[in-house]
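Undergrad: task: produce atomic coordinates for the following.
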Amino acid sequence: MKDTVAELELLIRSKYALLVLDTVESERADDLLALIASQLSLGFFSWSRSRGIRRGNQPTDPFIEKTAEPQAALARVLQEAVGVFHFKGLGDFLQDPVVASHVLDCVNQFGTRRGAVVISGHCVSLPDSLRPHAVHLELPVPGFAEQRQLLERIIRDQSARMPVKVDLTNEDRTRLVNNLVGLTQTEAEKVITKLIMEDGALRAGDVKRAAEAKRQIVEQDGLLDYWPSTETLGEVAGLAGLKAWLTKRRAVVHDPQRAAQFGLGFPRGVLLLGVPGCGKSLFAKAVASEWGLPLLKLDPANLYDKYIGDSEKNFKRAMRTAERMAPIVLWIDELEKAFASGGDADGGVSKRVFGTFLSWLQDRQGDVFVIATSNDIAQLPPEFIRKGRFDEVFFVDLPKPAAREEIFRIHLRKRNQDPTKFDLKLLAEATDGFSGAEIEQVVVGALYGAFSNGAGPTTTLLLGEAESTRPLSGTMWEKISQLREWAATRTVAAD
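TA: Here you go, the predicted structure:
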């Protein structure tokens, strides 16, 4: 926010007379521009279509009569000596040549006097006559510090009216504020107030409820899917190396402010390559749950559009949403299907989206931890592997004996079976070369058989189900061998 204030102040001092501020938070823009006007010793005026021009930014400040119409309001700007004039929603009227001409007159006037016209709104489109005179800026959503201040202010305000119990550890408070980042101040204020009013308290359980507000915003756009992350890393067998790597970064995620002072930034993400069915997607869900962050999934099918240019626009909009929702975990499953090297068969759309994606991976703003998975590295362009796109590239191989035992234990327990009643070591030996997904289906198949026979599942029944299964490691041995050979010198082993 400090950068935005400094940039706007510099532009106004430098005689940039027409500023376009991309934001949906008109009241927050009012506060920001009023502050800048005060720092520059300028008057501040705010216009809305319903009330006209108001002198100042306080509810008691007077409105200037007969200035509700855009032409009348802009004519009034010409009469004032100096000032910052904020026009909220004027973009809807700029295609009217008369209104555009009035704006141009105001811009020319500010060539000899101090001040500027600021037009705020979302995706304001200027006519050709005004474009050469305008500077476009985006008002970023409130950051961590602003939302933290908002949380403390609301707690104080509500405590003055009623008893409020705040039962939050420092970590809980940080996670709650993290889940408010990405919301507008108005949205965040409503969320916090509702949490307090429901039971007169703020507790650790409210962290997830705050995240629900983000879910609703994401789903409205239709480009990213919000996934409930109920799994934990304890439900992911094996992958000790990958888990250890993530554990070292957990403290950074939970306390980004202290990490920044220490010189550490938010982790960028990982690319998981490996055999299908070995837990890559499960791992993505578990990371979000473990870190207490929302999990968003990018589905390429939502991006591609039949109209020229719309696919790229959809992707950029999806990434802006991801950055707005930060801190989050962004999951891109089967990356090769989204950005495979497919030539020009689609008119070059996938290449253009791929280029945009690479640029975003390198230069993205906001705390977005990307977990991308791939089953076929041969289809991925080599640019993905370069350091800087991801923090690390891990190879997820078929589970080892100890991991296979744990997978049986996890899936038996999930289905209300006592793992101690089964010979897990024998089952692990019998499923050499099985993926985690194939072991799960062994358990499911055996349970179906036991249920239909009216008997309980046994080790023998599970062994029989395993015997009748043909794992991918057998049917696609050559492809898996090639993948292992490629990964041996280019990736880090996840286990």
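
Undergrad: and stretch 474-488, how far from the chain's centre?
TA: Computed by CA atoms, centre = their mean, to the nearest Å, the separation of stretch 474-488 from the middle of its chain amounts to 34 Å.

Undergrad: right, I mislabeled it, should have said stretch 35-51
TA: Taking the mean of its C-alpha atoms, stretch 35-51 sits 33 Å from the chain's own mean (CA atoms, centre = their mean).

Undergrad: do stretch 25-40 as well
TA: Put simply, stretch 25-40 sits 27 Å off its chain's centre (CA atoms, centre = their mean).

Undergrad: residues contacting the closest residue in space to Cys106 that isn't next to it in sequence?
TA: Counting by CB to CB, 6 or more residues apart in numbering, the nearest residue to Cys106 once its immediate chain neighbours are dropped is Val77, at 4.8 Å. For glycine as for every other residue, the C-beta is placed from the backbone atoms N, C-alpha and C. Going by CB atoms under 8 Å, 6 or more residues apart in numbering, Val77 touches 45, 83, 85, 106, 109, 117.

Undergrad: repeat for Gly265
TA: Each residue near Gly265 by CB under 8 Å, 6+ apart is listed here: 252, 259.

Undergrad: what do you get for Thr169?
TA: Ala204.

Undergrad: could you measure from it over to Leu296?
TA: 26 Å (CB to CB, to the nearest Å).

Undergrad: what's the neighbour count on Arg51?
TA: 12 (other CB atoms under 10 Å).

Undergrad: who does the closest residue to it other than its chain neighbours form a beta bridge with?
TA: Of all residues not flanking Arg51 in the chain, Phe63 sits nearest, at 5.3 Å (CB to CB, 6+ apart). With DSSP bridges as the criterion, Phe63 is bridged to Arg54.

Undergrad: I figured Arg28 hits Ala188, correct?
TA: No - counting by CB atoms under 8 Å, Arg28 stays clear of Ala188, with 11.1 Å between them.

Undergrad: more neighbours: those two, which one.
TA: Ala188 (24 against 19).

Undergrad: show the contacting residues for that one.
TA: 142, 147, 150, 180.

Undergrad: these two touch, right, Ile407 and Gly436?
TA: Yes - using CB under 8 Å, Ile407 makes contact with Gly436 at a distance of 5.1 Å.

Undergrad: intersection of neighbour lists for those two?
TA: Joint contacts of Ile407 and Gly436 (CB under 8 Å, 6+ apart) are 237, 399.

Undergrad: the two: which is more packed in?
TA: Each of Ile407 and Gly436 has its neighbours counted (other CB under 10 Å); Ile407 has more, 29 against 25.

Undergrad: ok, now how distant is the more buried one from Phe110?
TA: 69 Å.

Undergrad: do the same with Leu296
TA: With distances taken as CB to CB, Leu296 is found 43 Å from Phe110.

Undergrad: so these two - more neighbours on which side?
TA: Leu296 (24 against 21).

Undergrad: so the more buried one bridges to which residues?
TA: Tyr226, Leu330.

Undergrad: kindly state the pLDDT recorded for it?
TA: Model confidence at Leu296, given as pLDDT, is 88.

Undergrad: over to Asp397?
TA: In this model, Asp397 is scored at 90, pLDDT.

Undergrad: tell me the domain boundaries of this protein?
TA: Per automatic domain parsing, the domain ranges recorded for the chain read 2-138, 144-216, 233-396, 401-475.

Undergrad: determine which of those approaches Ala487 most closely.
TA: domain 233-396 (3.9 Å; CB to CB).

Undergrad: could you work out the end-to-end span of that closest one for me?
TA: One end of domain 233-396 sits 15 Å from the other (CA to CA, to the nearest Å).

Undergrad: what about the helices in the stretch 201-350 of the chain?
TA: Taking DSSP state H, counting those that start in this stretch as the test, the helices found in the stretch 201-350 of the chain are 206-221, 240-254, 256-262, 280-291, 310-325, 335-339, 349-363.

Undergrad: try the stretch 351-495 of the chain
TA: Counting by DSSP H, counting those that start in this stretch, the helices of the stretch 351-495 of the chain are 401-414, 424-430, 436-453, 459-467, 472-475, 477-488.

Undergrad: pull the residues that contact the second one.
TA: Applying CB under 8 Å, 6+ apart, the set of residues contacting helix 424-430 from outside is 401-402, 404-405, 408-409, 459, 462-463, 466-467.

Undergrad: any idea how far that helix is from the chain center?
TA: 41 Å.

Undergrad: that helix - what's its average pLDDT?
TA: Helix 424-430 shows a mean pLDDT of 94.
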